[in-house]
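*Asks:* Based on what follows, work out the 3D shape:
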Amino acid sequence: MIISVIAAGTLVLVLEYTQTALLGQGSGVWGLTAAVVLYVGISLLTRAPRARAEEFIACSNSSTRSGDRAETSLT
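*Replies:* Numbering: from 1, shown residues only. From the prediction side, this is the model:
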């Protein structure tokens with residue numbers, strides 16, 4: 001999710017610009033923490049498109065049974 005990357009990047013830039021070290025940790029630690037929290041939180045609050053998820057599961061199940069790589073389009 002792009003919002004976690006944008007928010008974490010902005011946080012890192014602000015912390016670097018202001019030379020702030022929250023709890024003695026560098027800006028990268030806080031950026032990574034923010035990105036993970038946002039990514040997991042947004043993932044839990046939203047649902048995957050059901051048809052797309054079922055297509056993915058069917059494709060992965062068929063390719064693991066046959067041992068062949070399935071050729072699919074990501075669009």
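
*Asks:* Quick one: the helices in this protein, in order.
*Replies:* 2-17, 27-45, 50-66 (DSSP state H).

*Asks:* buried sites along the shortest one?
*Replies:* What it means is helix 2-17. Of all the residues in helix 2-17, those buried under the rule 16 or more other CB atoms under 10 Å are 4, 7-8, 11-12, 15. Placement of C-beta: from N, CA and C, glycine included.

*Asks:* now, which of these sits nearest residue 41?
*Replies:* Here the nearest of these to residue 41, counting by CB to CB, is residue 4; it sits at 8.8 Å.

*Asks:* Just put the helices of the chain in JSON lines and tack on mean pLDDT.
*Replies:* Shown next, in JSON lines, are these (pLDDT from 0 to 100):
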{"stretch": "helix 2-17", "mean pLDDT": "93"}
{"stretch": "helix 27-45", "mean pLDDT": "94"}
{"stretch": "helix 50-66", "mean pLDDT": "81"}
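
*Asks:* tell me the phi and psi of residue 18?
*Replies:* In terms of degrees, to the nearest 10, the main-chain angles of residue 18 are phi -90, psi 0.

*Asks:* neighbours around it, how many?
*Replies:* Using other CB atoms under 10 Å, residue 18 has 9 neighbouring residues.

*Asks:* if I look at it, how far off is residue 35?
*Replies:* Counting by CB to CB, to the nearest Å, the separation of residue 18 from residue 35 is 19 Å.

*Asks:* quick one: contacts for residue 26?
*Replies:* Not one residue lies near residue 26 by CB atoms under 8 Å, 6 or more residues apart in numbering.

*Asks:* run the last query once more with 10 Å
*Replies:* 12, 15-16, 20 (CB atoms under 10 Å, 6 or more residues apart in numbering).

*Asks:* hang on, isn't residue 3 packed against residue 37?
*Replies:* No. Applying CB atoms under 10 Å as the test, residue 3 and residue 37 come out as separate, 11.7 Å apart.
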